[in-house]
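> Okay, predicted coordinates and the sequence, questions at the end:
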Amino acid sequence: MGTRIPFARPDGKTAEGYLSLAGKANAPGVVVIQEWWGLQDQIKGLCDRFALLGYDALAPDLYNGVVIPYHDADAANAEMNSLNFLDAADQNVRGAGQFLLRSSPKVAVSGFCMGGAVAVLAGCRVPEFSAVVSFYGLPPATVAKPADLKVPFQGHFANSDDFITPAMVDAFEAGLKDAGKPGAFYRYDASHAFMNEQRSVHDRHCAELAWERTSKFLKTHIG
């Protein structure tokens, strides 16, 4: 449904990503950010699903073509640890948002796992975005605090998660509330990465409920 395209970063360098179009003029946009596995087909499929909802969706390739097999968590962790998160947010993700804003009136950012953390960073640092949706991903407080968020936030988190633990989610929610920032937090009796239908941790019921909530949130904030 979509295609791989080049787009400009704010610093003038060229990045690439997967673009899926809604098929209507002036559709709002969503920047979709990958898990630590890279720009997997599952992330491309999510872009296609956003397009079916009526959004132009662009997933920047933060690993420059490297895709990690699902069984190799060590390689995924190594690739993630080599990623400059601030550069990814300020350049690749912002560039993707700027690309979509050439035809979209408003753009949101949504990320999964590692991409959820990058999405929150973008919501703190990138002025082009109007909303953030994070799926089981949060940045360390040393990098971005809840009070730094500049746009409405929706988060989807798993109660059985050793990466983004319930305690981390509670702390982020409390920080957002203390800062008087808008935020909606949803917790699911599922495991980390429950949205990924290509993995055994996929939970269809929770994924469909999270998708429905995401759709309503985006409709409210970007149209």
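In hand now; what should we look at?

> Report the buried residues of the longest helix belonging to the chain.
Scanning the chain for the helix with the most residues, using DSSP state H, yields helix 204-221. Applying a neighbour-count criterion of 16 or more other C-beta atoms under 10 Å, one finds Cys206, Ala207, Ala210, Trp211, Thr214, Phe217, Leu218, His221 buried in helix 204-221. Using the backbone N, CA and C atoms, a C-beta is placed for each residue, glycine as well.

> Other residues contacting that helix?
Outside of helix 204-221, the residues within contact range by C-beta atoms under 8 Å, 6 or more residues apart in numbering are 28, 30, 49, 53, 55, 106, 108, 110, 130-131, 133, 135, 151-152, 154, 156, 158, 184, 186, 188-190, 194-195, 197.

> follow-up on the earlier one: for the buried residues of helix 204-221, which one is nearest Lys24?
Compare each of the buried residues of helix 204-221 with Lys24 using C-beta to C-beta and the shortest gap goes to Leu218, at 15.3 Å.

> Give me the pLDDT for that closest one.
Here, the pLDDT recorded for Leu218 equals 98.

> Likewise for Leu100?
Among the per-residue scores, Leu100 shows a pLDDT of 98.

> quick one: contacts for it?
By C-beta under 8 Å, 6+ apart, Leu100 lies in contact with Gly29, Val30, Val31, Asp56, Leu58, Val107.

> Break down the chain into its strands, ranges please.
Remark: strands assigned in the chain by DSSP state E are 3-8, 14-20, 29-33, 56-60, 107-112, 129-135, 153-160, 183-191.

> deepest of the ones you listed, which one?
strand 29-33 (a mean of 31; mean count of other C-beta atoms under 10 Å).

> now the angle between strand 56-60 and that one, please.
Using axes from the mean of the first three to the mean of the last three C-alpha atoms, to 10 degrees, the interaxial angle of strand 29-33 with respect to strand 56-60 works out to 30 degrees.
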